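**Q** sequence plus the predicted model coming up.
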Amino acid sequence: LPNGRSVFSFCMCPGGQVVAASSEQGHLCVNGASLNARDGRNANAALLVNVTPDDLPGDDPLAGIELQRACERAAYRLGGSNWNAPAQLVGDFLARRASTAPGKVKPTYPLGVTWTAIDDALPQHIVESLRLGIPLLGKKLRGYDRPDAVLTGVETRSSSPVAVTRDRACHAVSTPGLYPCGEGAGYAGGIMSAATDGIRCAEALIADL
């Protein structure tokens, strides 16, 4: 993007729905899923913006987690502090106005949504990047930027903000016999990279045995 950031789609769920993924009281986080029939009325996918160390609130090793928590607290408040998720139509988001009702695309988040402006749940550089990126994505995939598409916030768990340190043989430096692996350990950022890292760790375990 012109601002030097990247925006990309992630975890596309055909016939899927937005699901609740919160893990703390007063913090709201969403994710996406498809049931095995993939026959829901919507497709949904996450939109990600890259975050650099300069974006974090300090130099603490857990500063990335604090950024996640700040966004989740803001989303909880925007949703009404009742586990509703804040939601906004793409057309309204791009026009910088709050939404008041859905269009033809209906939200699927099972606990309900609160129509609002999602800007306050995200850092300004992420909001700016999404406004630049969504129209470009619409040129690559028709309908991606349709005005009544629904933005439901916030998904903050795409990649781990910390990594469990391991050596070249995939051993945890601090804990013998532990093989940190995949997204949760900080070594992947998606389904395919997590699977690849899983194979790498499995091969390391086999070699040790």
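**A** Yep, that arrived. Numbers count the residues shown, from 1 in each chain.

**Q** I'd like the distance between the residue nearest in space to the middle of the chain and Cys71.
**A** Per CA atoms, centre = their mean, the C-alpha nearest to the average position across the chain is that of Glu155, at 3.3 Å. In this view, Glu155 and Cys71 are 9 Å apart by CB to CB, to the nearest Å. Every C-beta, even on glycine, is put in place using the N, C-alpha and C of the backbone.

**Q** now do the same for the residue nearest to the centre of the chain: helix, strand or coil?
**A** coil (DSSP: H, G, I helix; E, B strand; the rest coil).

**Q** host element of the nearest residue to it once chain neighbours are set aside?
**A** With CB to CB, 6 or more residues apart in numbering as the criterion, Glu155 has its nearest non-adjacent residue at 4.8 Å, and that residue is Ala46. Using DSSP states H and E, Ala46 sits in strand 42-49.

**Q** next SSE downstream of that strand?
**A** Using DSSP H and E, the helix or strand that follows strand 42-49 in sequence is helix 63-78.

**Q** who does the helix or strand that that next one is followed by pair up with?
**A** The helix or strand immediately downstream of helix 63-78 is strand 85-89, counting by DSSP H and E. Using DSSP bridges, the strands paired with strand 85-89 are strand 113-115 (parallel), strand 150-152 (antiparallel).

**Q** list of residues touching strand 85-89?
**A** Strand 85-89 is contacted by residues 18, 20, 28, 30, 75, 78-79, 98-99, 102-103, 107, 109, 111-118, 121, 147-154 when judged by CB atoms under 8 Å, 6 or more residues apart in numbering.

**Q** Pro107 and Ala149 touch, don't they?
**A** No: between Pro107 and Ala149 there is no contact under CB atoms under 8 Å: 10.4 Å.

**Q** overlap in contacts, those two.
**A** Residues touching both Pro107 and Ala149 (CB under 8 Å, 6+ apart): none.

**Q** just the mean pLDDT for the strand with the most length in the chain, thanks.
**A** Using DSSP state E, we find that the single longest strand of the chain is strand 7-20. The pLDDT scores in strand 7-20 average 91.

**Q** got it, and stretch 154-163?
**A** For stretch 154-163, mean pLDDT is 88.

**Q** that stretch: end-to-end distance?
**A** Terminal residues of stretch 154-163 are spaced 22 Å apart (CA to CA, to the nearest Å).
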